[in-house]
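Trainee: need coordinates for the below:
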Amino acid sequence: MAKVIPGRFSTQTDQPIVVFAIGIRVNKFLAFHKWVPTAMEMGPMLRDLYSNPEKGFLGAETFFYWRGVMLLQYWRSFDDLDKFARNRNDPHLPAWQRFNKRVGTDGIVGIFHETYVVEPGKYEAIYGNMPIFGLASVNGHLPSVGGRATARRRLGEQNDEPALPIPSNPV
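Mentor: Okay, here's the model as predicted:
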């Protein structure tokens with residue numbers, strides 16, 4: 001289990017970052033022969049990406065929900081993500097082709113992805129009593145003080161509003 005770091009922290013970078021959400025939804029649970037192979041395709045892709053940082057993949061978080069799994073991935077650029085998705089020598093394109101043959105549009109397994117290109121200063125993050133997580137795991141983990149004390153300040157807006165107080169011993 002990751003070590004919890006007490007206190008308030010944030011993150012920032014002067015580089016753009018791509019946030020890529022990708023997932024699977026099981027629509028017909030008993031159709032194991034369709035959704036299990038689809039779910040198993042992500043492992044080889046992640047192993048390849050973690051082993052080859054030059055491809056631009058920065059890291060990922062995994063989330064499980066009632067009908068599926070979602071990965072929140074972080075990439076150096078959209079070009080890096082797109083190159084990985086389309087390159088015949090990388091594991092994604094063959095996996096995509098297998099999915100289309102095995103599942104296609106039969107409705108048994110759903111897949112999704114959303115891509116967000118985030119410019120510096122156009123996001124903010126706060127982590128309270130958390131392990132290093134999310135954007136902080138790829139951009140750096142910084143104390144949330146001074147210019148990072150409030151959401152507005154983390155977004156680069158200058159104001160004199162104080163940060164919300166944090167009880168030292170919540171009831």
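Trainee: run through this protein and note the low-pLDDT ranges.
Mentor: Along the chain, the model assigns pLDDT under 70 to residues 159-171.
Trainee: hmm, try it at 80
Mentor: Within the chain, the stretches with pLDDT under 80 are 1, 158-171.
Trainee: so where do the helices sit in it?
Mentor: 32-40, 42-51, 78-86, 92-102, 135-139, 151-154 (DSSP state H).
Trainee: Gly68 is in contact with Ile22, isn't it?
Mentor: No. Applying C-beta atoms under 8 Å, one finds Gly68 not in contact with Ile22, separated by 10.8 Å. The C-beta positions use only the backbone N, C-alpha and C, and glycine is treated the same way.
Trainee: quick revisit: most tightly surrounded among the helices of the chain?
Mentor: The highest mean neighbour count among the helices of the chain, using mean count of other C-beta atoms under 10 Å, belongs to helix 135-139: a mean of 20.
Trainee: and that helix, what does it pack against?
Mentor: Counting contacts by 3 or more C-beta pairs under 8 Å, 6 or more residues apart in numbering; DSSP states H and E, helix 135-139 is packed against strand 17-26, strand 57-65, strand 68-75.
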